[in-house]
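>>> What follows is a predicted protein model with its sequence.
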Amino acid sequence: MVNINKHINIISQLGKFKITFFVAISSSVGYILYKESIDILMILPVLGIFLLASGSSGFNHLQERKYDLLMDRTKGRPIPSGEITETYAYSFAILFSLIGMSLLYFYGNLISAILGLTALIWYNLVYTPLKMKSALAVVPGSVIGALPPVIGWTSAGGEVTDPKILSFALFFFIWQIPHFWLLLLMYNKDYEKAGFPTLTKIFNNVQLSRITYVWISGLVASCLLLPLFGVVNNDIAILGLFISGIWLLWKSKSILSEYFERIAIRNAFMNINLFVLAVVFIISIEKLFLTEL
């Protein structure tokens, strides 16, 4: 039993399940956005995205194993800690990626599978290497987070060029930039110790905090644009988005202080994630229960 729990814990870390679970949630909202209902056909494509994202995370563990060893936040991960071999990690990453791709192809469609493969390539062959070369790698890297809701949408039968899903993808794209910079403000010493180029070498913490607040404002603006593209139509849901946006701006204003406070950054990091969850929840409820009102 101890060994089983140990392997479950290792697989959970390799697949970054805390993150990839939310990736699956965002894809399910893309599916619901098109179908305006939940059906059993949604389960396997969403599971495919979860497994594919987990496999891609496994490759990322392998790619960054030397840097992870240098950072306090990541040196306890399975590979740098010596808990597993690289063969173990490769086996996990390949198996999960193949199963995920297969589910997307056979239970979604060809377009969904191509988008899934694009996300894997973009994360492991574009974004991850770029992190070692540019402090702004997160900007092109944010494409990865914008793709899962689009994959959910196409799995349900939607067109990839539909403005409705593109506006929703834009919301997820913008979210990841302030999300990462808040993380950087909390762990900048770790990133610098591992040799990553960071914006904290260009801007001081107070300046980067203010830049991050501008992006948080942009995230709220992209949220308020969603009704214009038909993502949300119900007045109650639109009011919910508006209140959520005002709440995030108000709660995050403490990072505009002239004095850098780590606790304010930590709270802003938590609040921006809660805001995205609230938006996802509001859109899902609107599509499932409020479309007839």
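It's in.

>>> Can you point out the helix or strand that includes the residue nearest to the spatial centre of the chain?
Centroid-nearest residue in the chain: Gly145, 4.5 Å away (criterion: CA atoms, centre = their mean). Secondary structure from DSSP states H and E places Gly145 in helix 143-155.

>>> How far does that helix sit from its chain's centre?
Put simply, helix 143-155 sits 11 Å off its chain's centre (CA atoms, centre = their mean, to the nearest Å).

>>> got the buried residues for the helix or strand that that helix is followed by?
Tracing the chain C-terminally past helix 143-155 and defining elements by DSSP H and E, one meets helix 163-193 next. Residues of helix 163-193 classed as buried: 164-165, 167-182, 184-185, 187-188, 190-192 (neighbour count, 16 or more other CB atoms under 10 Å). All C-beta spots, glycine's among them, are computed from the backbone N, C-alpha and C.

>>> List the contacts of the residue nearest to the centre of the chain.
Val23, Ser26, Phe172, Phe173, Trp175, Gln176 (CB atoms under 8 Å, 6 or more residues apart in numbering).

>>> Surely Ile238 touches Leu225?
No: contact criterion CB atoms under 8 Å: Ile238 and Leu225 do not qualify, at 11.4 Å.

>>> Could you check how far Ser97 is from Asn60?
Computed with CB to CB, to the nearest Å, the distance linking Ser97 and Asn60 is 12 Å.

>>> Between those two, point out the one with more neighbours.
Ser97 (23 against 18; other CB atoms under 10 Å).

>>> what's the burial count for the residue lying closest to Tyr67 once chain neighbours are set aside?
Of all residues not flanking Tyr67 in the chain, Ala194 sits nearest, at 4.3 Å (CB to CB, 6 or more residues apart in numbering). For Ala194, the neighbour count with other CB under 10 Å is 22.

>>> backbone phi and psi for Ala194, please?
phi -80, psi -10 (degrees, to the nearest 10).

>>> check contacts around it.
Per CB under 8 Å, 6+ apart, neighbours of Ala194: Tyr67, Asp68, Leu70, Met71.

>>> wait, which of the residues you listed is closest to Gly141?
Taking CB to CB as the measure, Gly141 lies nearest Tyr67 of the contacts of Ala194, at 15.5 Å.

>>> Now for that closest one: which residues touch it?
Counting by CB under 8 Å, 6+ apart, the residues that Tyr67 touches are Thr74, Met132, Ala194, Gly195, Phe196.

>>> Pull out the buried residues from those.
Thr74, Ala194, Phe196.

>>> Of all these, the one with the weakest confidence?
For the buried ones among the contacts of Tyr67, the minimum pLDDT belongs to Ala194; the value there is 86.

>>> Can you tell me how far that residue is from Leu274?
For Ala194 relative to Leu274 (CB to CB), the value is 29 Å.

>>> swap in Thr128?
28 Å.

>>> What's the per-residue pLDDT of Met1 here?
Confidence score, pLDDT, at Met1: 62.

>>> again, but for Leu184
pLDDT, Leu184: 93.

>>> got it, and the one 5 residues further on?
At Lys189, the pLDDT value in this model is 88.
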